[in-house]
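Student: Have a look at this fold, sequence not included:
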């Protein structure tokens, strides 16, 4: 439960430090209050001297965090729910809130609909040209790897909770979230950014992705044996190890797992885990300064990779590739990398997809991988397309139409054999005029089919019929 007060705060890092202090008495896991929300990718400019080149075209806040004095923790294993409150004053508010929820439990939000198709903002040729430019930078020694992405968008109406429910059912990744803010956000992220518990910080970057099955063959061994994917992962694991080394006790940072394979739905990923013990003097803003944004969604070295991203990507990332999660009041932090998220603003929805580019990347393959990563979200969103039912009916009629066209062409072949046998010319102009006139007469009361449509349709059918007859001639 939030305080109900909304503020625009310029020094958000100081607020985060006050709301989520590290190093205090640590309660058991998430049984504590704190703040939830996201820190957008573009807040990278608060930590390093990045120069933004991309104009903002949405009204999404760069940082959106809500402080909760009462948190309801649901244990899925035990199927129990527990309220955690800051103080006794919150208990009465919880009771009022529960009564309100019970009174509205049967009220569903308005149906969610997609108004048209989801489109990619970056044409395929432009995307591949950008990949080629990144490879040139790599060969020139500017950078080792760049994570390049593209944005998808669509128009929608209704309550986004229905889309959230569909995504949870279809792609149950570990870091699901629905931030029901003025501009909502849905996370389906599989990737941990940072977790902090009892002074121990852990990062689990993901790099390397492959569909679980290709042509019926399991791809686990193929992904584990991929030199390109392994190189991407090792590079980012090393970057994260260096980042954690800036804020951890000397000698405590360790790579606990390197290129371990993880399956999330229909995709295999390579995941590494790096952990260390935080220094006592470190605050949450120091942690973010050392690690944000996550190296898996920038590249290495980070600063130059971010500069190249700013040069080549067409749109700001906004919440995408930022940090989403919970920052506890007593030192427990759990965040994910803001990938596979959808955010909503002014009737538009947005999501992004991309991949890591290295020296031996192939531009066409990278575009295919980006499309693969976008597919699970894209297909779920498009299942709500307001045009789906009518399109299905059109497709069904088209199936029947083309079956009739096929049968017509079979008769044309028979007509060709007769013409050859009896020396009848291929073109029978009087017959064509007769068919068109007859059809116009039959259809004169059908206002949905204009005469020009009849003429055009017969012109196409006649052209292809003549081609069939010429090919069938001995």
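Tutor: The structure has been received and is ready for your questions. In this text, all values refer to a predicted model and were calculated from it rather than measured experimentally.

Student: My guess is residue 324 contacts residue 336. True?
Tutor: Yes - counting by Cβ atoms under 8 Å, residue 324 touches residue 336, with 5.4 Å between them. Where C-beta positions appear, they are placed from N, C-alpha and C, glycine not excepted.

Student: Give the residues shared as contacts by those two.
Tutor: 175, 177, 187, 189 (Cβ atoms under 8 Å, 6 or more residues apart in numbering).

Student: ok, the last one touching residue 323?
Tutor: No - at 10.2 Å, residue 189 does not count as touching residue 323 under the criterion of Cβ under 8 Å.

Student: Give the residues shared as contacts by those two.
Tutor: Counting by Cβ under 8 Å, 6+ apart, the common neighbours of residue 189 and residue 323 are 336-338.

Student: Look up how far residue 415 lies from the residue located most distally from the centre of the chain.
Tutor: Within the chain, the residue lying farthest from the chain centre (Cα atoms, centre = their mean) is residue 422, at 64.5 Å. From residue 422 across to residue 415, the span is 11 Å (Cβ to Cβ, to the nearest Å).

Student: that older thread, if you rank the shared contacts of residue 324 and residue 336 by neighbours, which is first?
Tutor: Greatest neighbour count in the shared contacts of residue 324 and residue 336, by other Cβ atoms under 10 Å, goes to residue 187: 25 neighbours.

Student: How about the backbone phi and psi for that one?
Tutor: Geometry field for residue 187 lists phi and psi as phi -110, psi 130, criterion degrees, to the nearest 10.

Student: tell me the contacts of the closest residue to it other than its chain neighbours?
Tutor: Sequence neighbours aside, residue 177 is the residue nearest to residue 187 in space, at 4.1 Å (criterion: Cβ to Cβ, 6 or more residues apart in numbering). Going by Cβ under 8 Å, 6+ apart, residue 177 touches 185-187, 324-325, 336.

Student: same question, residue 290
Tutor: The neighbours of residue 290, taking Cβ under 8 Å, 6+ apart as the test, are 243-244, 246-247.

Student: Hmm, residue 277 is touching residue 200, no?
Tutor: Yes - the pair formed by residue 277 and residue 200 meets the contact definition of Cβ under 8 Å, at 5.9 Å.

Student: what touches both of those two?
Tutor: Contacts common to residue 277 and residue 200, judged by Cβ under 8 Å, 6+ apart, are absent.

Student: Let me see the domain layout of this protein.
Tutor: Per the TED database, the structural domains of the chain span 12-101+108-199+278-384, 389-472.

Student: So the closest residue to residue 292 other than its chain neighbours versus residue 306, what's the distance?
Tutor: Spatial nearest neighbour of residue 292, excluding adjacent residues (Cβ to Cβ, 6+ apart): residue 47 at 6.0 Å. When distance is defined by Cβ to Cβ, residue 47 is 11 Å away from residue 306.

Student: Which of those two has more residues huddled nearby?
Tutor: residue 306 (24 against 15).

Student: Distance of the more buried one relative to residue 313?
Tutor: With Cβ to Cβ as the criterion, residue 306 and residue 313 are 10 Å apart.

Student: before we move on, what about residue 396?
Tutor: 41 Å.

Student: okay, these two: which has more neighbours?
Tutor: More crowded of residue 396 and residue 313, by other Cβ under 10 Å: residue 313, with 20 against 10.

Student: Quick check: the more buried one vs residue 373, distance?
Tutor: Residue 313 is 16 Å from residue 373, by Cβ to Cβ.

Student: just residue 339 next, same as before
Tutor: 8 Å.

Student: Please identify which of these two sits among more neighbours.
Tutor: Under the criterion of other Cβ under 10 Å, the comparison of residue 339 against residue 373 puts residue 339 first, with 28 against 19.

Student: Could you pull up the contacting residues of the nearest residue to the more buried one once chain neighbours are set aside?
Tutor: Spatial nearest neighbour of residue 339, excluding adjacent residues (Cβ to Cβ, 6+ apart): residue 189 at 5.3 Å. With contact taken as Cβ under 8 Å, 6+ apart, residue 189 is in contact with 173-176, 324, 336-341.

Student: give me that answer again for 6 Å
Tutor: For residue 189, the contact set (Cβ atoms under 6 Å, 6 or more residues apart in numbering) comprises 175, 336-337, 339-340.

Student: what does residue 34 give?
Tutor: With Cβ under 6 Å, 6+ apart, residue 34 has these contacts: 20, 326-329.

Student: Residue 405 and residue 442, how far apart?
Tutor: For residue 405 relative to residue 442 (Cβ to Cβ), the value is 19 Å.

Student: who's more crowded, the two?
Tutor: Neighbours around residue 405 and residue 442, counted as other Cβ under 10 Å, are more numerous at residue 405. The numbers are 13 against 10.

Student: in stretch 396-416, what counts as buried?
Tutor: Neighbour counts over stretch 396-416 (16 or more other Cβ atoms under 10 Å) mark 412, 415-416 as buried.

Student: Identify those among those that sit within helices.
Tutor: Among those, DSSP state H puts 412, 415-416 in helices.

Student: how about those residues in JSON lines, adding distance to residue 86 and pLDDT?
Tutor: JSON lines is the format used below for these (distance: Cβ to Cβ, whole Å; pLDDT from 0 to 100):
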{"residue": "412", "distance to residue 86": "81", "pLDDT": "88"}
{"residue": "415", "distance to residue 86": "86", "pLDDT": "88"}
{"residue": "416", "distance to residue 86": "86", "pLDDT": "86"}
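
Student: Just the closest of the residues you listed to residue 296, please.
Tutor: residue 412 (59.3 Å; Cβ to Cβ).

Student: tell me which strands and helices the longest strand along the chain is in contact with?
Tutor: In terms of residue count, the longest strand belonging to the chain (DSSP state E) is strand 145-157. Helices and strands touching strand 145-157, as assessed by 3 or more Cβ pairs under 6 Å, 6 or more residues apart in numbering; DSSP states H and E, comprise strand 113-114, strand 299-300, strand 348-357.

Student: Neighbouring strands - and their directions - for the longest one?
Tutor: Listed by DSSP bridges, the sheet partners of strand 348-357 and their directions read strand 145-157 (antiparallel), strand 341-345 (antiparallel).
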